[in-house]
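Chemist: model this:
(one chain, ligands or ions: 2)
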Amino acid sequence: MFKRIIAISIMALACIGASAKKEQSLNVVPRPAKVEFGKGSFKIKGANFNYGKNVPAEAVQAIGKLADRLYVATGKSSTVSSAAGTDKDSATGKLKGVFFFCDPSLPAEGYSIEICPKAIKVCAPDKNGFLYALQTIRQMLPASVYSGGTDSKSSWRLPCCRISDAPRFSYRGLMLDCCRHFFSVDEVKKILDLMAMYKLNTMHWHLSEDQGWRIEISKYPKLTEIGAYRDGTQVKDDRNRHDGVRYGGYYTKEQVAEIVKYAGNLGITIIPEIDLPGHMLGALAAYPQLGCTGGPYSVWTRWGISKDVLCIGKEETFDFIFGVLDEICEMFPSEYIHIGGDECPKDAWKVCPRCQARIAELGLKSDEHASKEQRLQNYVTSRVQAHLAAKGRKIIGWDEILEGDLSEGATVMSWRGTAGGIKAAKKGFDVVMTPKDYCYFDYVQSPNLDKEPWTIAGARGKRVIPLEKVYNADPLAGFEPGTESHILGVQANMWTEFIADNATIEYMLIPRLLALSEVQWSPADGKDYDRFLKVLSGYQLPILKDLGYNYRPLD
Ligand code: ACM
Ligand code: ZN
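Modeler: Ligands and ions are numbered 1, 2, ... in the order given. Modelled structure (predicted):
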């Protein structure tokens, strides 16, 4: 067996000549883990595409899309057919055309691409591996493959090379806040397309807030009748003034299904977030009996953190939480459900007789680690965790859930910095790093605020995350040796208080999301910011422009 593998790899390497030109490089972002160049090139114009058995249907669909696109761009058609009878281990030299084979021995979501003058051989172990190989091949083609038109000038050749690629982190996320501002199904899809291009695999969808509830829940119709709309929106950083324009919207169950399916076809899992027990004014406006005072409450027209939160002394609150989460689980197949947990002021609980009675009944005490009200939040977290665990789901929450006690099996999203993540990993919890130091893409991209859109930086001091800071981020910095395996990955957060439209979201995301994709995907060594900038200006930003994305120009 060992000998056979050697023989194959020598044959397969035949086109990867020893005299590979060192200066060659690819425009691919995120930078692939390993590329070896050979001599010559493969002409993809008019090449036929073939897929072996066990290549997933979504991958075959994506192969078809690339073939269709190449037909329009090159004027020559390509067939897409099953190559079930073809041996994956055939030397590339014997194959003619583009071949896709399943290879379960490759790392999850990884792939290999071998390009020789007569053939391209792509191997991957799973759906995402194939989708990512296709993204890589696309980015190796002339930029016109993205533009939608015909390009008879380009030679449509790919350099002979061998790419062996796999992600550094299994969780590569983007959080989208559709509560502070609402984004249409098509707008969300456009962001998912962008994520897919750069091999992100998780969209964390922030769906409930003080400023609006955004998802249809059949058992609680007032959440969307009342909770999805506010009477105005804060004007810039003046918390005492709003524009008086009714604002809102929500996703129906049909729309959610459409988005989940669309994302799935792109290899993206959607993790829904119902933020609790704080950030709940949307729900309290609809069902005031769930709050400590009984209301009335209204959906907030200003930014910030409401002190009105769910009352934990009432069982009705848990009926509500579980009722909502049961429907959320029906809509989202994701293993993880995000339960928020951030910024929950304890003011209301401290003076609520029911919450205090619950604290007494549970025997919760304040100590040097946590107050009894904090431990009341732990109680909520662990009850919700148990409810979801019974359905085979895991909780993920903002790093506040770590304060006091957290039950085994929870995953912590470290946002206030890196300390929460470091502490969580040390205690044995899995962690997603999303520190505001380099992952908060609502912060501006330069200190020159007159040139940046009005964002949170204008409202609250100068919060600046330039492109280079994202590119050079090291998600494992500060972690104790041996705890790094708990770091599932990295996520950018797109909060939208000051971001009302897709053009601005795109401006804030691009090019920083491309830099983050290299942090999420590429090996830690081999970073080269100058090379990255050249790839952006020479290839990536022009293709994104052709695709209709807005972006912040490079400095
Ligand atoms: C957060 O930024 N409140 C998670
Ligand atoms: Zn209460």
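Chemist: who's in contact with the residue minimising distance to the centre of the chain?
Modeler: The residue lying closest to the centre of the chain (Cα atoms, centre = their mean) is residue 173, at 2.5 Å. Counting by Cβ atoms under 8 Å, 6 or more residues apart in numbering, residue 173 makes contact with 200-204, 271, 432, 434, 489-492. C-beta: built from backbone N, CA, C; applies to glycine.
Chemist: Can you list the low-confidence ranges for the protein?
Modeler: 1-23, 457-461 (pLDDT under 70).
Chemist: could you redo the last one with a cut-off of 90?
Modeler: For the chain, the stretches flagged by pLDDT under 90 are 1-25, 84-95, 147-148, 236-237, 447-451, 454-463.
Chemist: Can you show me the helices along the stretch 451-555 of the chain?
Modeler: 456-459, 467-471, 502-509, 512-521, 529-535, 541-546 (DSSP state H, counting those that start in this stretch).
Chemist: ok, back up a step: you'd agree the residue nearest to the centre of the chain is in a strand?
Modeler: Yes. Assigned with DSSP: H, G, I helix; E, B strand; the rest coil, residue 173 falls within a strand.
Chemist: Single out the most deeply packed of the helices of the stretch 451-555 of the chain.
Modeler: Among these, ranked by average contacts under mean count of other Cβ atoms under 10 Å, first place goes to helix 512-521 (a mean of 26).
Chemist: that older thread, now the contacts of residue 173: which count as buried?
Modeler: 200-204, 271, 432, 434, 489-492 (16 or more other Cβ atoms under 10 Å).
Chemist: With adjacent residues omitted, what lies nearest to residue 434?
Modeler: residue 491 (4.3 Å; Cβ to Cβ, 6 or more residues apart in numbering).
Chemist: quick one on the thing from earlier: may I have the beta-bridge partners of the residue nearest to the centre of the chain?
Modeler: residue 202, residue 491 (DSSP bridges).
Chemist: for residue 440, same thing?
Modeler: Bridge pairing for residue 440 - DSSP bridges - gives residue 493.
Chemist: The one 4 residues further on now?
Modeler: Beta bridges link residue 444 to residue 464 when assigned by DSSP bridges.
Chemist: these two touch, right, it and residue 452?
Modeler: Yes. Counting by Cβ atoms under 8 Å, residue 444 does reach residue 452; the two are 4.0 Å apart.
Chemist: Those two: which is more packed in?
Modeler: residue 444 (24 against 18; other Cβ atoms under 10 Å).
Chemist: what's the distance between the more buried one and ligand 1?
Modeler: 16 Å (Cβ to the nearest ligand atom, to the nearest Å).
Chemist: I'd guess residue 164 is in a helix, am I close?
Modeler: No. Going by three-state DSSP, the assignment for residue 164 is strand, not a helix.
Chemist: Which residue, other than its chain neighbours, is closest to it?
Modeler: Using Cβ to Cβ, 6+ apart, the nearest residue to residue 164 is residue 34, at 4.5 Å.
Chemist: my guess is that neighbour contacts residue 113, does it?
Modeler: No. Counting by Cβ under 8 Å, residue 34 stays clear of residue 113, with 10.9 Å between them.
Chemist: tell me, what's touching those two both at once?
Modeler: With Cβ under 8 Å, 6+ apart, residue 34 and residue 113 have common neighbours 163, 165.
Chemist: Which of those two has more residues huddled nearby?
Modeler: Counted by other Cβ under 10 Å, residue 34 and residue 113 do not tie: residue 113 has more neighbours, with 25 against 12.
Chemist: Just checking: what are the partner strands of the helix or strand containing that one?
Modeler: If you go by DSSP states H and E, residue 113 is part of strand 111-115. Sheet pairing for strand 111-115, assigned by DSSP bridges, gives strand 119-124 (antiparallel), strand 157-165 (antiparallel).
Chemist: Would you mind putting the ones you listed into CSV with distance to ligand 2 alongside?
Modeler: Listed next are the strands paired with strand 111-115 as CSV, based on distance: least, Cβ to the ion, whole Å:
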stretch, distance to ligand 2
strand 119-124, 52
strand 157-165, 52
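Chemist: most packed of those?
Modeler: strand 119-124 (a mean of 24).
Chemist: Spatially nearest residue to residue 423 (excluding sequence neighbours)?
Modeler: The nearest residue in space to residue 423 (Cβ to Cβ, 6+ apart) is residue 402, at 6.4 Å.
Chemist: rewinding a little: now the buried ones among the contacts of residue 173 in JSON lines, please, with extra columns for distance to ligand 1.
Modeler: Below are these laid out as JSON lines (distance: Cβ to the nearest ligand atom, whole Å):
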{"residue": "200", "distance to ligand 1": "19"}
{"residue": "201", "distance to ligand 1": "21"}
{"residue": "202", "distance to ligand 1": "16"}
{"residue": "203", "distance to ligand 1": "16"}
{"residue": "204", "distance to ligand 1": "10"}
{"residue": "271", "distance to ligand 1": "14"}
{"residue": "432", "distance to ligand 1": "12"}
{"residue": "434", "distance to ligand 1": "8"}
{"residue": "489", "distance to ligand 1": "17"}
{"residue": "490", "distance to ligand 1": "15"}
{"residue": "491", "distance to ligand 1": "11"}
{"residue": "492", "distance to ligand 1": "12"}
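Chemist: Out of the residues you listed, which is nearest to residue 235?
Modeler: Top of the list for closeness to residue 235, among the buried ones among the contacts of residue 173 and by Cβ to Cβ, is residue 492 at 26.9 Å.
Chemist: Just list the residues touching the closest one, thanks.
Modeler: 173-175, 434, 439-441, 509, 512-513, 516.
Chemist: And residue 351, by the same measure?
Modeler: Residue 351 neighbours (Cβ under 8 Å, 6+ apart): residue 292.
Chemist: now it: how far from ligand 1?
Modeler: In terms of Cβ to the nearest ligand atom, residue 351 sits 24 Å off from ligand 1.
Chemist: shouldn't the residue nearest to residue 434 be in contact with residue 435?
Modeler: No. Residue 491 is not in contact with residue 435 according to Cβ under 8 Å; the separation is 9.9 Å.
Chemist: Sketch out the helices for the stretch 301-450 of the chain, chain order is fine.
Modeler: 315-331, 347-351, 353-362, 372-389, 419-426.
Chemist: For these, could you give me CSV that also reports distance to residue 260?
Modeler: Formatted as CSV, these follow (distance: least, Cβ to Cβ, whole Å):
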stretch, distance to residue 260
helix 315-331, 7
helix 347-351, 34
helix 353-362, 36
helix 372-389, 18
helix 419-426, 28
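Chemist: right, so of the ones you listed, which gets closest to residue 235?
Modeler: helix 347-351 (26.4 Å).
Chemist: For ligand 1, what's its nearest residue on the stretch 251-400 of the chain.
Modeler: residue 342 (4.1 Å; Cβ to the nearest ligand atom).
Chemist: If you drop the residues flanking it in sequence, what lies closest to that residue?
Modeler: Residue 342 sits nearest to residue 398 (Cβ to Cβ, 6+ apart), 3.5 Å away.
Chemist: Measure how buried that neighbour is and give me the count.
Modeler: 24.
Chemist: quick revisit: relative to residue 328, which of the helices of the stretch 451-555 of the chain is closest?
Modeler: helix 502-509 (23.8 Å).
Chemist: angle of that closest one against helix 512-521?
Modeler: 50 degrees (axes from the mean of the first three to the mean of the last three Cα atoms, to 10 degrees).
Chemist: what's helix 502-509 packed up against?
Modeler: helix 185-197, strand 487-494 (3 or more Cβ pairs under 8 Å, 6 or more residues apart in numbering; DSSP states H and E).
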